[in-house]
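> Just a sequence and a predicted model for now, questions to come.
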Amino acid sequence: MTSQPGSWKEKTSGRERVRMVVETLDEPTTINTIAEQAEVAWETANSEVKRLKTENKVRERDDGRYEPNPVQQFLDQILQLIEDHSKSELESQLQEYQEQVEDLSAEYGAPSAKELREQLTNDDVSAEEIREIRNVSETWAALELEIRHLKNALQLYDDLFQLSQSN
């Protein structure tokens with residue numbers, strides 16, 4: 001990976017780039033790959049990944065590869081929702097997403113994204129219908145995830161908001 005003038009290498013530190021790479025990992029990977037993608041020396045990537053591990057942001061697998069810690073990511077997302085939005089805003093967003101899910105369910109005659117996706121195995125489904133079902137089911141699944149996050153944020157809102165104000 002070669003940097004271009006004005007690239008992220010000029011705008012971010014090596015440690016920042018390592019964190020950015022780790023946060024966007026789709027699959028477990030090695031320090032070598034992280035260093036290469038972040039355009040840093042192996043030592044920089046290794047020390048930053050070890051630091052992230054002590055912060056519980058990443059976890060090391062038995063095979064020596066690293067991946068983002070999904071529990072910590074989930075908690076960070078919930079906290080970010082609470083910090084960035086009022087309870088009323090979260091409730092409104094929840095209502096909007098729930099309405100979208102209900103509309104998709106009514107339009108496609110399926111109770112869930114998973115059941116819609118199962119229609120892909122029908123013999124009479126065209127390539128265009130396959131593309132549409134995949135796109136809709138991915139959108140639907142993303143909405144369901146956001147709904148779960150919003151519900152969790154709302155359940156914790158008062159306690160976390162009170163704790164954050166106690167400082």
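The structure has been received and is ready for your questions.
> Does K53 lie in a helix or a strand, and which?
For K53, the host element (DSSP states H and E) is helix 42-54.
> Which secondary structure elements does that helix sit against?
Contacts defined by 3 or more CB pairs under 8 Å, 6 or more residues apart in numbering; DSSP states H and E place helix 42-54 against helix 14-23, helix 31-38, strand 58-60. For glycine as for every other residue, the C-beta is placed from the backbone atoms N, C-alpha and C.
> Report the buried residues of the longest one.
By 16 or more other CB atoms under 10 Å, the buried positions in helix 14-23 come out as G14, R15, R17, V18, R19, V21, V22.
> Mean confidence (pLDDT) on the helix ranked longest in the chain, please.
Ranked by residue count and defined by DSSP state H, the top helix of the chain is helix 127-165. Mean pLDDT, computed over helix 127-165, is 91.
> Could you export the helices and strands packed on helix 42-54 as JSON lines, including distance to L94?
Shown next, in JSON lines, are these (distance: least, CB to CB, whole Å):
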{"stretch": "helix 14-23", "distance to L94": "26"}
{"stretch": "helix 31-38", "distance to L94": "36"}
{"stretch": "strand 58-60", "distance to L94": "30"}
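> out of the ones you listed, nearest to D76?
helix 14-23 (9.8 Å; CB to CB).
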